[in-house]
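1. sequence? don't have it. structure:
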Ligand code: SAH
C-alpha cells in the first residue's frame, strides 16, 4: 500500500482531530501505487497514524479516514454511514428526509449524501472519495435499500482536486419513479427535482431555521423572503399564519417551484418575483410598504479570504436596507453561508447596519445549520452557516 511519511511535527494537526494533510507537509511517499489511492500515513519517526485518501495532484494531498489499521472497504463504509444515520434517527426519528452524511463532520472527508426516503443525492469533493463511489452505491443499494442514487458532482471545488464535473443518475431500481418527487419535511410538502435543483438538489441545511420561523409568525404578519430559492421560509411563514408574503429569487426556475410548492400545500399563492434582490429592495423603498418579518439568506458572497471586504460591504448594504424596511419591532432573520465570514465579523456588520438604519437590532437567537449538518469543532472548515434572529426596534 502507498505510504505517506509526514515531515517532523506535521502529525500534530491529524492527532488533534483534523483530517487534512497539505502537500507541503509530506516528507516523502513510499511504495506509491497510484497518483490517487488509499494510503497509510506515518509520522517522521515511522509511527502509524492511520489510513485515508491520497491525491498526488491536490493541495489537500491526504484526507484521513481512520486511525486504525483497517481495510477501507464496503464494511468500513457501511459502518460509517450507519453511525451517521443513527445520529439523525436518534435526533429526529420523525424525519425520513435529511443529510445522511456531512463529509468531514461524519468522518467521511469530502462526501455529502442527502437522503429523501429511499432516494439519495451524492456529492464528492475529492478524486480520492470518487474511488469509493462504487462501494458507497453498493452500500446504499443493498443495506439502505435505495431506489435511486444521483450524483451531483458539480461543485467547482472538485477541479482543485483534479476531479471532473459531472451530474447524472448512478442507479435507478425498477420501482424508482425518477429524480422528481414530492417530499414531506416537517409537515410541508416540497416538489424536489434532484437533477435540476441547486447544489445537492435542495437546501436541507435551513430546515430547522424555517421551522423556527413558523413558530415566530403572528396571524396576518407580512413577510419578505429574499433569496427564497424553492420558498422554504415562505412556506413555513404561510403555515404559521402569515398574511401577505413576497418571495424573491433571481432564478426563474426557483420561482416556478415556489408556486408549485404553495399549490401542493394548498396555501394561497404568495407574490413572487424573479429579480435581483439588491434591485428589488431598492424598488421597495419607492413604496410605503413595510414588513413584520424579513428573511435574508443570500448565497455565499466570498469563497476566499481575499474577497471578505467586498462581501462585508454587500452584507451591510442588504441588512441596513432590510432593517429600514421593517416595521418597528419587526423580525429580521439574517444569514451568511460564507465560511470565511466569522461570527464576530457578522455581528459587527449587524451593528453597523443598525446604526446606519437608525434602528436597534436585538439578538434573541444565534443558530447554525439543521440537526443533520453536524460540525467538528476541531475542523473549523466544517462550519459555514450563521443565522441571526433579530428583533429590530
Ligand atoms: N433561502 C433559501 C436558500 C437560499 S440559497 C432556502 O431556504 O432554501 C441562495 C439563493 O439566492 C439561490 O436560490 C439563488 O438562486 C439566489 N440568488 C443568487 N443571487 C441572487 C441575487 N442577486 N438576487 C436574487 N437571488 C439570488
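-> That came through, no problem. In this text, all values refer to a predicted model and were calculated from it rather than measured experimentally.

2. On the secondary structure side, give me the element for residue 164.
-> Following DSSP states H and E, one finds residue 164 outside all helices and strands.

3. just checking, it touches residue 158?
-> Yes: in terms of C-beta atoms under 8 Å, residue 164 counts as a neighbour of residue 158; the distance is 7.3 Å. Just so you know, the C-beta spots here come from the backbone N, C-alpha and C atoms, and that holds for glycine as well.

4. quick one, which of those two is more surrounded?
-> When neighbours are counted by other C-beta atoms under 10 Å, residue 158 comes out ahead of the other of residue 164 and residue 158, with 21 against 9.

5. how distant is the helix or strand containing that one from the center of its chain?
-> Using DSSP H and E, residue 158 sits in helix 157-160. The chain centroid and the centroid of helix 157-160 are separated by 17 Å under C-alpha atoms, centre = their mean, to the nearest Å.

6. count of residues packed around residue 188?
-> Using other C-beta under 10 Å, residue 188 has 21 other residues around it.

7. Bridge partners for it, pull those for me.
-> Per DSSP bridges, the residues bridged to residue 188 are residue 185.

8. from what I can see it touches residue 233, true?
-> No: contact criterion C-beta under 8 Å: residue 188 and residue 233 do not qualify, at 10.9 Å.

9. So which residues on the stretch 251-393 of the chain come close to the ligand?
-> Where the stretch 251-393 of the chain comes near the ligand, counting by C-beta under 6 Å from any ligand atom, the residues are 251, 254, 276, 277, 278, 297, 298, 299.

10. For residue 41, give me phi and psi.
-> phi -120, psi 140 (degrees, to the nearest 10).

11. Okay, it and residue 382: tell me how far apart.
-> Residue 41 is 20 Å from residue 382, where distance means C-beta to C-beta, to the nearest Å.

12. which one of these two has more residues nearby?
-> It is residue 41, of residue 41 and residue 382, that has more neighbours when counted by other C-beta under 10 Å, with 24 against 20.

13. just how off-centre is stretch 226-246 within its chain?
-> Relative to its chain's centre, stretch 226-246 lies at 20 Å (C-alpha atoms, centre = their mean).

14. all helices for the stretch 101-250 of the chain, in order.
-> According to DSSP state H, counting those that start in this stretch, the stretch 101-250 of the chain carries its helices in the segments 127-131, 133-142, 157-160, 207-216, 232-239.

15. which one of those helices is the most hemmed in?
-> Ranked by average neighbour count under the criterion mean count of other C-beta atoms under 10 Å, these are headed by helix 232-239 at a mean of 27.

16. And the pLDDT for residue 306?
-> Note on residue 306: pLDDT of 84.

17. looking at this, it is in a strand?
-> No: assessed with DSSP: H, G, I helix; E, B strand; the rest coil, residue 306 is helix; it does not lie in a strand.

18. and it, how far is that from the ligand?
-> Note on residue 306: its distance to the ligand, by C-beta to the nearest ligand atom, to the nearest Å, is 20 Å.

19. do residue 208 as well
-> Residue 208 is 11 Å from the ligand, by C-beta to the nearest ligand atom.

20. Pull out the buried residues from the residues of the stretch 251-393 of the chain next to the ligand.
-> 254, 277, 297, 298 (16 or more other C-beta atoms under 10 Å).

21. what sits against the third one?
-> Contact analysis of residue 297 by C-beta atoms under 8 Å, 6 or more residues apart in numbering lists 206, 226, 227, 228, 229, 233, 333, 335, 337.

22. would you turn the residues you listed into TSV with pLDDT?
-> Compiled in TSV, the contacts of residue 297 are given as follows (pLDDT from 0 to 100):
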residue	pLDDT
206	98
226	98
227	98
228	98
229	97
233	98
333	98
335	98
337	95
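
23. Please narrow these to those residing in strands.
-> In this view, those that belong to strands under DSSP state E are 226, 333, 335.

24. Tally up the residues packed near residue 285, please.
-> 11.

25. thought residue 310 was touching residue 301?
-> Yes: if you go by C-beta under 8 Å, residue 310 and residue 301 touch, sitting 7.4 Å apart.

26. tell me the secondary structure for the residue of the chain most remote from its centre?
-> Distance to the chain centre peaks in the chain at residue 45, reaching 38.8 Å (criterion: C-alpha atoms, centre = their mean). At residue 45 the chain is in coil, as set by three-state DSSP.

27. quick one, what contacts it?
-> Contacts of residue 45 by C-beta under 8 Å, 6+ apart: none found.

28. Do you know the pLDDT at it?
-> Looking at residue 45, the pLDDT reads 97.

29. Next one: it from the ligand, what distance?
-> Distance, residue 45 to the ligand, using C-beta to the nearest ligand atom: 47 Å.

30. State the phi and psi torsions of that residue.
-> Dihedral angles for residue 45 - degrees, to the nearest 10 - are phi -90, psi -10.

31. What score does the residue nearest the centre of the chain have for pLDDT?
-> The centre of the chain sits closest to residue 205, judged by C-alpha atoms, centre = their mean, with a distance of 5.2 Å. As predicted, residue 205 sits at a pLDDT of 97.

32. In this structure it contacts residue 373, no?
-> Yes: assessed by C-beta under 8 Å, residue 205 is found in contact with residue 373 at 5.2 Å.

33. Give me the common contacts of these two.
-> Counting by C-beta under 8 Å, 6+ apart, the shared contacts of residue 205 and residue 373 are 99, 385.

34. Apart from its chain neighbours, what residue comes closest to the closest residue to the ligand within the stretch 1-150 of the chain?
-> Here the residue of the stretch 1-150 of the chain nearest the ligand is residue 114; by C-beta to the nearest ligand atom that distance is 13.2 Å. Leaving aside its sequence neighbours, residue 114 sits nearest to residue 121 (C-beta to C-beta, 6 or more residues apart in numbering; 4.4 Å).
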